[in-house]
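**Q** sequence below, structure please.
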Amino acid sequence: MDPVKGNGEARGRGLAARAGGWSARHRWAAVGIWVLFVVLAMGLGSAAGRVDVDESDQLKGETHTAAQIIDDAGIKEPASETVLIQAKDPSVQATDTAFKAAVSDVVKAVDGTGTVTDVTSPYVTGTISKDGRSALVQFDMRGDAGTAGDRVQPVLDAVAGVQKAHGTLRIEEIGGASMNKQYADAFGKDFQRAEYSAVPVAFGILLIAFGALVAALLPVGLAITAIMATMGLMGLVSHLQPMSDTANSVMLLVGMAVGVDYCLFYLRREREEREAGRGADAALRIAAATSGRAIIVSGVTVCVAMAGMLFTGLAEFEAMGLASLMVVAVAMVGSVTVLPALLSLLGHRVEKGRIPFLRRRRRAHGPSESRFWTAVLRGVLAKPLVSVLVAVGALLAVAAPALGMKTSQLTLDQEFGNSLPIVQTYDRVNQAFPGGSEPAEVVVRAKDINAPEVRQALTDFKERAISSGASRGPVDIKLHDAQNVALITVPLVGGSDMDRAGQSLHKLRDDVRPATLGKVAGVQAPITGNVAGNQDFNDQLLGSVVPVFAFVVVFAFLLMLLSFRSLTVAVTSILLNLLSVGAAYGILVAVFQHGWGASLVGAEGVGAIVTWLPLFLFVILFGLSMDYHVFVVSRIREARLRGRSTREAIQHGVVTTAGVVTSAAVIMVAVFAIFGTLSMQSMKQMGVGLAAAVLIDATVIRGVLLPAVMALLGERNWYLPSWLRWLPDLTHDESPEAVAPAARGEQERLPV
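**A** Numbering: from 1, shown residues only. Predicted structure coming up:
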């Protein structure tokens, strides 16, 4: 009797083994159900439409309160635009005839487009710089502020026409609409190109790894269908939890990475068993019970990690977390259901389309082992303590810069450098009118906005904002009498310097407001704007760090404990992952904060890490690094259960998984590195951080540190205290091969 078949039915009773077995027996049904699921998800999602995160729901705190007041009052704030008129010659002043003529031409040209309203002259509003060389013409775009970027081109053309007529002056437009327009033109295709290039890059690497066209197409096909289905599900779920374009991009990134990885793990194991001489059915059963189980354990762990983002209370993070969680779950289900069905249908045809120069020598006896990692493992296992000390020391040295990490929302010039013309305009406006490009906005609501005490408080606030040093003016007050709301625009001293602008904001919130508007009963006066929004975002993010970290670490620990029934494996898994994340943080700080080697990745040292990235990276990396860890440890445990000694099991597990882990890591690094080529510094930081962490994880952590630590621990790797024996046994899906009797004294450590 075939020992695989005989034992497989008895022991392969876990979820992955049952799912793989059913799919292999009902292959057309499994494929049909998957196709139907993808089509239905896309169709229903398209019909439902996607609800995106509303700006008023992005944050809590004062920013949210201000947005809520404006929404409740029904005030539709337009997209405001500004035209800077600036003398190139220091001797030219705004009071000169030629300068006044240019201002007049700008006002006429802009107003003549018919797409703007409330055009104001600097000679009326007093928006003339202290040195007299610069002036601002301000106006609002008609219609919805969210779509103003689509309608701003005629205004930009009109301003460009005035510039041609006045060559001695600098005449440039800036504002929310014009910036959105330039971003969309410059970076929309940039992002799209990065997303589209991820597929051929992954396919090319898989083609090299498998040397066969059909085998390389399967993982890419699974990842793409999982992404398509998730896009549809995002539309449905968005009616409960609003989504966003950022969440969509992150979902594509994670979906491509895990979708390809899971399929790669499964396909490699099935091919390996066939090369060892097993029949197609036996090879599929073994792949289902081993790699299938590892995929489920890994997938659930990744989903738990992604769920950590739901604890931030930030709508954008919640959207990213839920979208990532869904695509991982879909890819996981597809890997253990439709993939075995396809492999059963294809049989040996999975080797079709072999590339001649990539033809691999078939091995008749046992799985292929990496010569490189065999040599590395020989040294590691010979001196495990030295290996641990060297590897940990190196990783701690790499992580050391993270102790001085400074986080900040990147300003426009930090984010884009000089790659956009509008960045130079932004800098000029901030130099001439500090804080003018990113003013604070005070949203005042009272029972009667025209009551004498309220009007006096508004006047006092305006005067005190300047006298306190928080603003140099001009402070503008716009009354909405019918809604009993007033909007106060306050340019902050510090301008694009977020630290100084933040200090000015604190003066407004802590000193100016309590002394003026705060003394009038019944008045609400939350302060919003870009600087305030960044401050509130930082505060809320910092407040969510501990809950998110605790949730991810605790649940990952519990999952590893249940999946391997080993307290030692669970603890070492968490510690190794934390070390990997710390090293990634250190690289980020060294490159982007200190500028060490920044030019190598086409970046500049901007002096800070973008605020949202550390928490985002922790969640993503903690989840993704479990892919390799679960896969390698599962193989080691499987070999141990077959009767090998712990040291032999480590050697076997690491070297036989080295090829697939390397291929998976190369794909992940390549996909993440693509995002490191984008022009935005925040995207560069994300791409470099993810790529560096995966590279470290797949080499130093899994290839050196993990086997060295396990070698030092020996049989203690499988330790489970007697008081934890009541835990549910989720280890059913081990290798469906005959398990050799355990050595004396090991039965309790290795429950099956």
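
**Q** does the spatially most central residue of the chain count as helix, strand or coil?
**A** Nearest residue to the geometric centre of the chain (C-alpha atoms, centre = their mean): residue 250, 5.1 Å. Secondary structure, DSSP: H, G, I helix; E, B strand; the rest coil: residue 250 is helix.

**Q** roughly how far does it sit from residue 672?
**A** Counting by C-beta to C-beta, to the nearest Å, the gap from residue 250 to residue 672 is 12 Å. (Glycine included, C-beta is placed from N, CA and C.)

**Q** same check, this time on residue 132
**A** From residue 132 over to residue 672 the distance is 50 Å, taken as C-beta to C-beta.

**Q** these two: which is more packed in?
**A** Taking other C-beta atoms under 10 Å, residue 132 and residue 672 do not tie; residue 672 has more neighbours (25 against 15).

**Q** pretty sure that one sits in a strand.
**A** No. Counting by three-state DSSP, residue 672 falls outside a strand, being helix.

**Q** got a list of what the residue lying closest to residue 498 once chain neighbours are set aside touches?
**A** Closest residue to residue 498 apart from its sequence neighbours, by C-beta to C-beta, 6 or more residues apart in numbering: residue 408 at 5.7 Å. Neighbouring residues of residue 408 by C-beta atoms under 8 Å, 6 or more residues apart in numbering: 498, 499, 607, 608, 609, 610, 611.

**Q** also residue 491?
**A** Contact analysis of residue 491 by C-beta under 8 Å, 6+ apart lists 433, 434, 435, 436, 439, 440, 471, 472, 473, 474, 475.

**Q** switch the cut-off to 10 Å
**A** Residue 491 makes contact with 127, 430, 433-440, 465-466, 470-476, 501, 504, 529, according to C-beta atoms under 10 Å, 6 or more residues apart in numbering.

**Q** next: residue 171.
**A** 83-86, 102-103, 105-106, 109, 137, 159-165.

**Q** note down every partner strand of the one helix or strand it maps to and its orientation.
**A** Per DSSP states H and E, residue 171 falls inside strand 169-175. Here strand 169-175 is paired, per DSSP bridges, with strand 80-87 (antiparallel).

**Q** give me the distance from the strand it pairs with to the chain's centre.
**A** In terms of C-alpha atoms, centre = their mean, to the nearest Å, the centre of strand 80-87 is set 36 Å apart from its chain centre.

**Q** what about it, average pLDDT?
**A** The average of the pLDDT scores along strand 80-87 is 90.

**Q** quick one, strands of the stretch 101-250 of the chain?
**A** 116-120, 134-141, 169-175 (DSSP state E, counting those that start in this stretch).

**Q** I'd like the ones you listed as CSV, with distance to residue 460 and mean pLDDT appended.
**A** Below are the strands of the stretch 101-250 of the chain laid out as CSV (distance: least, C-beta to C-beta, whole Å; pLDDT from 0 to 100):
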stretch, distance to residue 460, mean pLDDT
strand 116-120, 24, 89
strand 134-141, 25, 90
strand 169-175, 30, 89
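
**Q** got a markdown table for these, with distance to residue 689 too?
**A** Formatted as a markdown table, the strands of the stretch 101-250 of the chain follow (distance: least, C-beta to C-beta, whole Å):
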| stretch | distance to residue 689 |
| --- | --- |
| strand 116-120 | 42 |
| strand 134-141 | 37 |
| strand 169-175 | 31 |
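
**Q** gap between the helix or strand harbouring residue 259 and the chain center?
**A** In this assignment (DSSP H and E), residue 259 forms part of helix 245-275. Helix 245-275 sits 18 Å away from the centroid of its parent chain (C-alpha atoms, centre = their mean).

**Q** from the contact counts, what lies against the helix or strand following it?
**A** Downstream of helix 245-275, the next assigned helix or strand under DSSP H and E is helix 280-289. Taking 3 or more C-beta pairs under 10 Å, 6 or more residues apart in numbering; DSSP states H and E as contact, the helices and strands that helix 280-289 lies on are helix 3-11, helix 15-25, helix 245-275, helix 291-307, helix 338-346.

**Q** re earlier: what's opposite the residue nearest to residue 498 in the beta bridge?
**A** Beta-bridge partners of residue 408, counted by DSSP bridges, are residue 610.

**Q** one step back: and the contacts of residue 171, which are buried?
**A** 83-86, 102-103, 105-106, 109, 137, 159, 162-163 (16 or more other C-beta atoms under 10 Å).

**Q** Throw together a ChimeraX command that grabs the buried residues out of the contacts of residue 491.
**A** To isolate the buried members of the contacts of residue 491 in ChimeraX, using 16+ other C-beta under 10 Å:
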select :127,430,433,434,435,436,437,438,439,440,465,466,470,471,472,473,474,475,476,501,504,529
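
**Q** out of the contacts of residue 491, list just those in helices.
**A** Secondary structure from DSSP state H places 430, 465, 466, 501, 504 of those in helices.

**Q** quick one: contacts for the closest residue to the third one other than its chain neighbours?
**A** Distances taken as C-beta to C-beta, 6+ apart place residue 473 nearest to residue 466, at 5.1 Å, with adjacent residues excluded. Residues in contact with residue 473 (C-beta under 10 Å, 6+ apart) are 126, 127, 433, 435, 436, 462, 463, 465, 466, 490, 491.

**Q** and those, which is the shakiest by pLDDT?
**A** On pLDDT alone, residue 436 ranks lowest of the contacts of residue 473, at 59.

**Q** can you give me the pLDDT of the residue nearest to residue 498?
**A** Looking at residue 408, its pLDDT stands at 78.

**Q** how much space between it and residue 499?
**A** Plainly put, residue 408 is 8 Å away from residue 499 if you go by C-beta to C-beta.

**Q** rebuild the ones in helices among the contacts of residue 491 as CSV, extending it with distance to residue 76.
**A** Formatted as CSV, the ones in helices among the contacts of residue 491 follow (distance: C-beta to C-beta, whole Å):
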residue, distance to residue 76
430, 27
465, 26
466, 29
501, 27
504, 28
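
**Q** now, which of those residues sits nearest residue 258?
**A** residue 501 (40.0 Å; C-beta to C-beta).

**Q** what about the residue lying closest to the closest one once chain neighbours are set aside, neighbour count?
**A** Once flanking residues are discounted, residue 501 sits nearest to residue 494: 3.5 Å by C-beta to C-beta, 6+ apart. Residues near residue 494, counting by other C-beta under 10 Å, number 21.

**Q** ok, residue 494 - contacts?
**A** Contacts for residue 494 (C-beta under 10 Å, 6+ apart) come out as 430, 434-435, 438, 470-471, 500-505, 531.

**Q** give me the buried positions along stretch 62-82.
**A** Judged by neighbour count using 16+ other C-beta under 10 Å, the buried positions of stretch 62-82 are 62-70, 75, 78-82.

**Q** now, those residues that are in strands?
**A** Among those, the residues falling in strands (DSSP state E) are 80, 81, 82.

**Q** okay, those in JSON lines with distance to residue 728 next?
**A** Putting these into JSON lines (distance: C-beta to C-beta, whole Å) gives the following:
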{"residue": "80", "distance to residue 728": "59"}
{"residue": "81", "distance to residue 728": "62"}
{"residue": "82", "distance to residue 728": "63"}
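
**Q** quick one on the thing from earlier: and what about the residue nearest to residue 501, helix, strand or coil?
**A** Here residue 494 is recorded as coil under three-state DSSP.

**Q** what's the pLDDT at it?
**A** In the predicted model, residue 494 carries a pLDDT score of 75.

**Q** again, but for residue 4
**A** At residue 4, pLDDT is 36.

**Q** let's number from 563 now, not from 1
**A** Renumbered: residue one is now 563, and that last one reads residue 566.

**Q** the spatially closest residue to the residue nearest to the centre of the chain that is not a sequence neighbour: what's it in contact with?
**A** Spatial nearest neighbour of residue 812, excluding adjacent residues (C-beta to C-beta, 6+ apart): residue 882 at 4.8 Å. Residue 882 makes contacts with 805-806, 808-813, 816, 868, 871-872, 874, 876, 1174, 1178, 1181-1182, as judged by C-beta under 10 Å, 6+ apart.

**Q** out of those, which are buried?
**A** Neighbour counting with 16+ other C-beta under 10 Å marks 805-806, 809-813, 816, 868, 871-872, 874, 876, 1174, 1178, 1181-1182 as buried within the contacts of residue 882.
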